[in-house]
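# Return a 3D structure for these sequence lines:
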Amino acid sequence: MRHRAVSILRALATAQRRSIQSVGSFTNNNLFSLGVVLLFFGDPGGFATLTFLILLVVFFPLCADPLRKAPRSRLAGWPLSRTEWWLIRTVSVWLNPISLLLVALAVRRKVTLGLWALVAAAFAVGWMAPLVGERFGGASGPGFLRRLPPAPGRLGQLMRKNLRELLSTLDFYAALLVSGASFGFRAAGKLPPEAYLPLTLLTMLALSTPAQNLFGLDGAGGLARYRLLPLAGWGILAAKDAVYLTTAIALALPLDPLAGCAAALAALALGNRDSVERYHADSRWRFATSTSFGSSLMQMVAMVAAGAWVHASVLVLAPLVAAYAWSTWRYGGKWAGEKE
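Predicted coordinates:
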């Protein structure tokens with residue numbers, strides 16, 4: 001009996017270790033790359049701030065119950081006694097790194113009781129959120145993603161799927177955190193107007209990496225289904241771009257939507273090429289990964305320049321729209337060629 005429980009716990013430990021490694025693989029993300037650039041230019045404070053933002057977003061996936069790594073169908077088929085179940089349930093809690101961190105902080109008393117309680121409450125939210133999502137949305141995903149309505153038109157269902165994919169990246173929640181915090185400070189009258197543009201650009205940069213790999217969450221099956229659709233390549237790419245652009249503008253609304261739109265157009269104009277020519281698989285509820293540091297740097301520079309220049313003249317939007325349209329047509333055409 002003990003042998004069966006120990007074998008299962010070892011398998012859970014292996015799955016948990018791999019999950020932690022995948023959650024922590026954010027070094028190829030534009031947000032981290034931006035921090036490295038700031039550190040190179042002598043701004044360790046900026047690097048620390050961006051790293052803290054990343055860790056804050058990563059915290060909740062790390063809180064997940066390790067026992068959820070086992071598929072529900074397999075759990076139901078395990079021939080375990082009640083004692084074995086209790087043993088696995090008790091020990092699996094301590095496979096979570098945040099539970100060990102809470103114990104270490106409590107024993108060493110490195111933080112105040114109030115801060116410890118705040119971390120513990122956040123841990124409880126992260127632990128219970130997937131259970132609540134299953135309760136209201138089913139085992140295949142959180143309820144709020146499953147209940148998203150489709151957009152009108154021929155591409156409505158496709159855009160709905162693309163939105164669900166974008167909302168299942170940690171990049172979106174990093175951008176949402178910056179945008180939401182900025183909105184709160186602005187509503188409270190504590191955000192000076194000169195901070196609107198920098199915070200808008202930071203929000204857009206937090207969301208920029210998925211624009212380099214728009215098909216990263218589709219998987220091999222999704223790519224195969226695209227080839228069966230009666231749609232032109234540019235239409236498939238435009239459906240991806242439309243969701244990204246709409247989401248970016250919505251996040252920029254509390255600050256500077258014009259600069260947000262310009263930065264998002266620049267991100268897509270450069271990102272469409274990498275999305276088509278340098279596809280690589282990404283994972284849900286993880287930070288997206290860029291194709292290369294060079295691509296990230298070029299994209300970030302273009303986004304910052306576009307967001308800043310649009311204030312000098314709104315006419316800057318015209319070449320940005322043209323560049324984006326050419327990029328969609330050019331690399332959508334390459335996608336169509338691959339479909340054939």
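# so where's the protein shaky on pLDDT?
Flagging of the chain using pLDDT under 70 yields the residue ranges 1-2, 24, 72-73, 75, 129-146, 335-340.
# switch the cut-off to 90
Residues of the chain meeting the criterion pLDDT under 90: 1-28, 36, 40-43, 51-52, 54-159, 219-235, 279-286, 291-292, 311-313, 332-340.
# where exactly do the strands run in it?
Counting by DSSP state E, the chain has no strands to list.
# ok, residue 275 - contacts?
Residues near residue 275 by Cβ atoms under 8 Å, 6 or more residues apart in numbering: 211, 212, 213, 214, 215, 237, 240, 331. C-beta here means a position set from N, CA and C on the backbone, and glycine is covered the same way.
# just so I have it, where are all the helices in the stretch 101-250 of the chain?
Remark: helices assigned in the stretch 101-250 of the chain by DSSP state H, counting those that start in this stretch are 113-137, 143-146, 156-166, 170-187, 196-206, 219-226, 233-252.
# quick revisit: most neighbours, which of the contacts of residue 275?
The most crowded member of the contacts of residue 275 is residue 211, carrying 30 neighbours; neighbours defined as other Cβ atoms under 10 Å.
# buried sites along stretch 315-330?
For stretch 315-330, burial by neighbour count (16 or more other Cβ atoms under 10 Å) applies to 316, 317, 320, 323, 324, 327, 328.
# ok, those vs residue 153, which is closest?
When the buried residues of stretch 315-330 are compared for distance to residue 153 (Cβ to Cβ), residue 328 wins out at 16.9 Å.
# contacting residues around the closest one?
By Cβ under 8 Å, 6+ apart, residue 328 lies in contact with 234, 237, 238, 241, 268, 272.
# I'd assumed residue 332 was in contact with the third one.
In other words, residue 238. Yes - counting by Cβ atoms under 8 Å, residue 238 does reach residue 332; the two are 7.0 Å apart.
# coming back round to it: nearest to residue 288, out of the helices of the stretch 101-250 of the chain?
Smallest distance to residue 288 across the helices of the stretch 101-250 of the chain (Cβ to Cβ): 5.3 Å, for helix 170-187.
# Residues contacting the closest one, please?
26, 29, 31, 53-54, 56-58, 61, 166, 191, 195-196, 199, 202-204, 206-210, 247, 251-252, 254-255, 285-288.
# Equivalent analysis for stretch 88-107, please.
Stretch 88-107 has contacts (Cβ under 8 Å, 6+ apart) with 5, 8-9, 12-13, 16, 20, 59, 62-67, 80, 111, 116, 119-120, 123, 126-127.
# May I see the helices of the stretch 101-250 of the chain organised as JSON lines, with distance to residue 89 added?
Output for the helices of the stretch 101-250 of the chain, formatted as JSON lines (distance: least, Cβ to Cβ, whole Å):
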{"stretch": "helix 113-137", "distance to residue 89": "13"}
{"stretch": "helix 143-146", "distance to residue 89": "25"}
{"stretch": "helix 156-166", "distance to residue 89": "31"}
{"stretch": "helix 170-187", "distance to residue 89": "28"}
{"stretch": "helix 196-206", "distance to residue 89": "37"}
{"stretch": "helix 219-226", "distance to residue 89": "32"}
{"stretch": "helix 233-252", "distance to residue 89": "39"}
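# Highest mean neighbour count out of the ones you listed?
Highest mean neighbour count of those: helix 196-206, a mean of 24 (counted as mean count of other Cβ atoms under 10 Å).
# which other helices and strands contact that helix?
Using 3 or more Cβ pairs under 8 Å, 6 or more residues apart in numbering; DSSP states H and E, the elements in contact with helix 196-206 are helix 30-40, helix 170-187, helix 233-252, helix 257-277, helix 293-312.
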